[in-house]
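1. Sharing a sequence plus its predicted fold:
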Amino acid sequence: MEKNVTVSPIAKSTLIGQRVKKPDAPDKATGKTRYINDMVLPQMLIGKVLFAGRPHARIVRIDTSAAEKLPGVYAVLTGKDAAGLKFGFVRDNVALKDKVRCEHDEIAAVAAETEEIASRALELIKVEYEDLPGVFTPEAGALVGAPLVHDNFPGNKSLHFEFKHGDLAAAEAASDCVVDSVFRPHHVTHCCMGTSCAIADFDHNGKLTIWTQTQYPYNYKMDLAPALGLNPGDIRVMQPPVGGAFGSKLDVYPYEPIAALLARKTGRPVKVIYSREEEFKAAPTRQAAIIHMRTGCTRDGVLTFRSADVLLDNGAYTSWGPTIPVIMMRTTSGHYRVPVVDFKAQAIYTNNPYAGSFRGYGNVQTTYATAQQMDMLADMVDLDPLEFHLKNAQISGEVTPQKSFLRECALVECLETAAAASDYSRKRKAYAAARDKPGRYKKGIGLASSIHNAGGAKIHKSDGIGTILKVDDYARVTVITGASEIGQGIDAVITLIVAEELGVPVEHVTIVNNDSDIAPWDVGVHASRTTFIAGNGTRRAAQKAKAQILSAAAKMLNEPAGTLELRGGFVVRDTCGTPLIELDRLLRRMHFQNVPELVMVTDYYEPNSEPEGAKHISDHSAAYSHAVHIAEITVDTLTGEIKVDKVTVAQDVGRVINRMGLEGQIEGGIAIGLGYALSENMRIEKGMLRNPCFRDYKLITAPEMPPLDMHFIESNCAEGPYGAKGISELPTIVIAPAIANALYNATGVRIFNPPMSPETVARAIFEARQAGK
Amino acid sequence: MQEITTYLAPRRLDEALQAMADGAATVLCGGTDLAPQTESGARQYTAKLLNIRRIEGLGGIETKGDKVRIGAVTTISEIRCNPMLAEIAPVLVEAAEHFASEQIRNAASVGGNLCNASPAGDMIPPLLILDASVELACWREGAVQTRLIPLEGFFVSPGKTVKRPEELLTAVVFDRPAADFVGKFRKSGPRPALEISTVSVALGACIADGRLSNVRVAMGSVAPTPLRARHVEAALEGKPLDAATWAATIAVAVAATAEDAKPIDDVRASAWYRGHLVRVFVEEVLNEVRGN
């Protein structure tokens, strides 16, 4: 026993599954956090963008001379300053345009001393347009002879996806019941509380530093570089705290290269920040689509096939939106045991705002269709939907037609848990029986579920993450990681895992993940992957450090190797918990001994998933997960208002890591999903957004959040950190169809064109009653 | 963009009216409409910004004889929490309950809500069924001059009233409702806060001898201005409350809404839905007034 150590034995304990606060929470709650939006650099200019304000037009001439002469203006840029600098998935976008393809197209940009001067300069730019006929729906865009959005994309055809498995005709013939419906999921947008913002600055070696809200800093370099004619290696990405991302910052949007072009032109840092109205118009949307889905089953309620023919409203440019079929087809083929699948999707350019990635990534739209068709089929074969779901539910070890290997599958447990907790079957029967009785207010209960990747998604060449971990002389740990914090809570997960492995307080862990010149590579925050991937990376790095520390300790303390552990800031004997030496003292001894030893380790973790591949037949995620939502609602059948009384959630989370973070992610995900289901709607008329403000674009507010009864099913994923799976997208995906099914239970009405706004619901009920008369 | 060169915050009404005499001042009270409207460009500031909040005598809720007077700068929160109004004109309190959000209610004034002249202004239908008038003051010939305009005749079109640029709305006044007067207000919107009404309906009537009399019905967001629904009123005047005829009475009143409500399609709702909601709300408030 080392002298001075008088602490009693330290028992084994675990932080896994505990409630650990987000390290950034106190500063955010008190207003101390300096978001990117608050940042001011010395000599910084303000950049502002002139938007077209029309959906489709030729630019006849543009005169910037008056704006250039305005005192305080340092640069005015137009399409010619970005000519040839194409960027985007299919290189169809450019920072400043020479033709107008959608309302928010960036026509010119100015850098000025103040925002006021920049705004005045924009007013002084004279642009003469020649309006062109536009296409505003994918159907119209696909018509022969339709106006072309891009001359080099004939037929307005953007991306195309297909997946077929099994003999569709035979499966249809073997089906006793088929549901056939067309769903029209709508445009919504992320509504990050921090509006889009970037600050760009060049040094005299031509290296760009850009402060951005990106959630994928490393591929971001690659995507931004062509918009500026730069080598990606000459871009340093800085990530100050951001006010939300939710998928919207998974691409480069024109304001970012615009900030950089202005910075290059002026030699000064330039900040571009959007107003809320600009944000509504210029930020990406969730992909709107037309989904023609058919699902069949036998009269015993066994699924026979599912087909989906999807038309996507690409909008004017191709960002991540039109790539969502990658995940749409996984749901179509993997949501329950579907033996035969036929999926195809075509994205069509229109003069509408364009879609990006958004939490749920295509699965929100598909599950709105699949989960309603499950309910419809159950009705046709006269089965309790719960029974119908159970009959077709996958179990551990199954492989879907696309080769998703469901190693640990807890769908059955999720279904049974949620149904029992909500008394689903009894209520559903009772509410259905009361449907046609008199009474203005009707109660309904609806069940929905979905499947989603929960161990990353290998759509890039790698789905890995790099981690550097160092422990200093005071036993303070720094984790330098590629994992970005965009509010989702990875910082809390990382501190928890380090504290768990190294036996230090969570407050003694610092995370550096805001500078691409420092932190190692990571794909980015998407696909519900960060807790899974960065959790594994952090754990592996921490375990390497621990092995080094314990090996040194065993040597120094003359203890047998493999008998020591780190607990409560001490090296202890694992079996009895007897403290042998303070960790910080040991670290100093390691450092300042004859053969000095510093604890700093690196790790690169690559999950055991397979690349997506062009045919989309691969085990593309290291884990898959299910969630079941049961929504209980009250419908005002006259006004069409839906009040969500309660939501029961059962989700396979693998293993709870940070319980508080998990609850927060489920609450937040459901809030976004509820807005999608009930009230959020971008009213785009002929390419123009009619409601670019929170007054008319209705987010769910706190009083509308229903009570949530959450059940975490722990399937213990072998590959996941401590058994955990990714969790963040499923809550957004499942809630809308649960409400749609509850609405059917309450009223007999189904809504195929969300949101289920009061007007939509009232009209549907009114028309159903008229038809019934 | 007009720059504000003069900011005035007088304590006395005559000072304020003199400052307004050239008809070129922008009047600021709660600013809950002015700020977003100027921000969005829907409205421009003039060079002179006049804050009327500090003017003495422009706030407060008082009764004098059978007259009730609510000063123009009275906030919606003050109306919502006023025990006297809760007793004599609870329909105003009810409307205040549904007005925007707590923060906005604390800043927004009743005068501002009227002068903003939105077809969706939440305080307007209940004041219309109280048969309120607005007091307009101006500085003329070296003195404060006032005139009283019935609220029903105050509104011209969205954002426009008969108030002249040099006039200030100083108060809204109405006769203390009769003891047997019952008023009810209903606005649409599932959101408990920050909901601009798709449609609103206020209905008031005296209930005596088993009959409706003195029926007043007002509607918001069904026309360019909030309005008195005279056809619905006529359909209801003198109607008995007995169970045997009540369904027929409702049917007649609901049918009459088509004569009064001429809604349009806009970004918030279709004309069909507005018309539908008016019918639903008229039935609902009628039943509430009857005490169903």
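-> Received the coordinates, thanks. Residues are numbered from 1 along each chain as shown, chains lettered A, B, ... in the order given.
2. Centre-most residue in chain B?
-> To find the centre residue of chain B, average its C-alpha atoms and take the closest one (CA atoms, centre = their mean): that gives residue B:124, at 1.6 Å.
3. so what's the closest residue to that residue other than its chain neighbours up against?
-> Counting by CB to CB, 6 or more residues apart in numbering or on different chains, residue B:226 is the residue found nearest to residue B:124 once chain neighbours are left out, at 4.1 Å. In short, each C-beta sits where N, CA and C put it, glycine included. Applying CB atoms under 8 Å, 6 or more residues apart in numbering or on different chains to residue B:226 gives the contacts B:119, B:121, B:124, B:125, B:128, B:155, B:218, B:219, B:220.
4. Same question for residue B:113.
-> For residue B:113, the residues meeting the contact criterion (CB under 8 Å, 6+ apart) are B:33, B:76, B:99, B:121, B:122, B:123, B:124.
5. Farthest-apart pair in those residues, please.
-> By the measure CB to CB, B:33 and B:124 form the most distant pair in the contacts of residue B:113, at 13.2 Å.
6. Scan the contacts of residue B:226 and report the most crowded one.
-> Ranked by neighbour count under the definition other CB atoms under 10 Å in any protein chain shown, these are headed by residue B:125 with 32 neighbours.
7. Please look at that residue and residue B:218 and confirm they touch.
-> Yes - under the criterion of CB atoms under 8 Å, residue B:125 is in contact with residue B:218, at a separation of 3.9 Å.
8. Touching both of those two, which residues are there?
-> Between them, residue B:125 and residue B:218 share these contacting residues under CB under 8 Å, 6+ apart: B:201, B:202, B:226.
9. Give me the subset of those lying in helices.
-> With helices taken from DSSP state H, there is no overlap with those.
10. Can you convert these into JSON lines and add a column each for pLDDT?
-> Converted to JSON lines, these look like this (pLDDT from 0 to 100):
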{"residue": "B:201", "pLDDT": "97"}
{"residue": "B:202", "pLDDT": "97"}
{"residue": "B:226", "pLDDT": "97"}
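11. Which parts of chain B are helices?
-> For chain B, helices defined by DSSP H occupy the ranges B:13-20, B:34-40, B:76-80, B:83-88, B:90-97, B:102-107, B:110-115, B:124-129, B:230-236, B:243-260, B:271-290.
12. Could you list the low-pLDDT ranges of the chain?
-> Just going to use chain A. A:1-6 (pLDDT under 70).
13. Can you look at chain B instead?
-> With pLDDT under 70 as the threshold, chain B has low-confidence stretches at B:1, B:190, B:192-193.
14. Looking at it, which residue reaches furthest from the middle?
-> Here chain B has its C-alpha centre computed as a mean, and the residue farthest from that point, by CA atoms, centre = their mean, is residue B:244 with 34.9 Å.
15. sorry, back to before: most neighbours of all the contacts of residue B:113, which one?
-> Sorting the contacts of residue B:113 by how many neighbours each has (other CB under 10 Å) puts residue B:124 first, at 30 neighbours.
16. doesn't residue B:223 make contact with that residue?
-> No - because the distance of 11.8 Å does not satisfy CB under 8 Å, residue B:124 is recorded as not touching residue B:223.
17. Run through the residues of the stretch 1-150 of chain A sitting next to chain B.
-> If contact is defined as CB under 8 Å from any CB of the partner chain, the residues of the stretch 1-150 of chain A in contact with chain B are A:116, A:119, A:120.
18. are any of these buried, and which?
-> Neighbour counting by 16 or more other CB atoms under 10 Å in any protein chain shown classes residue A:120 among the residues of the stretch 1-150 of chain A next to chain B as buried.
19. which residues does the residue nearest to the centre of chain B contact?
-> B:113, B:114, B:151, B:155, B:218, B:220, B:226.
20. In terms of helices and strands, where is residue A:534?
-> Secondary-structure element containing residue A:534, defined by DSSP states H and E: helix A:530-557.
21. In the stretch 401-550 of chain A, what residue lies closest to chain B?
-> When distances are taken as CB to the nearest CB, the stretch 401-550 of chain A approaches chain B most closely through residue A:440, which lies 9.0 Å from it.
22. tell me the contacts of that residue?
-> The contact partners of residue A:440, by CB under 8 Å, 6+ apart, come to A:636, A:637, A:638.
23. Can you name the residues bridging to residue A:238?
-> The residues paired with residue A:238 through beta bridges, assigned by DSSP bridges, are residue A:211, residue A:515.
24. Share the number of residues neighbouring it, please.
-> Residues near residue A:238, counting by other CB under 10 Å: 19.
25. before we move on, what about residue A:442?
-> Residue A:442 is flanked by 22 other residues according to other CB under 10 Å.
26. Looking at strand pairing, list the partners for it.
-> When bridges are taken as DSSP bridges, the partners of residue A:442 come out as residue A:635.
27. Return the residues of chain A in contact with chain B.
-> Proximity of chain A to chain B (CB under 8 Å from any CB) is limited to residues A:116, A:119-120, A:277, A:638-639, A:641-643, A:678-679, A:683, A:690-691, A:693-696, A:698, A:701, A:703-704, A:758-759, A:762-763, A:766.
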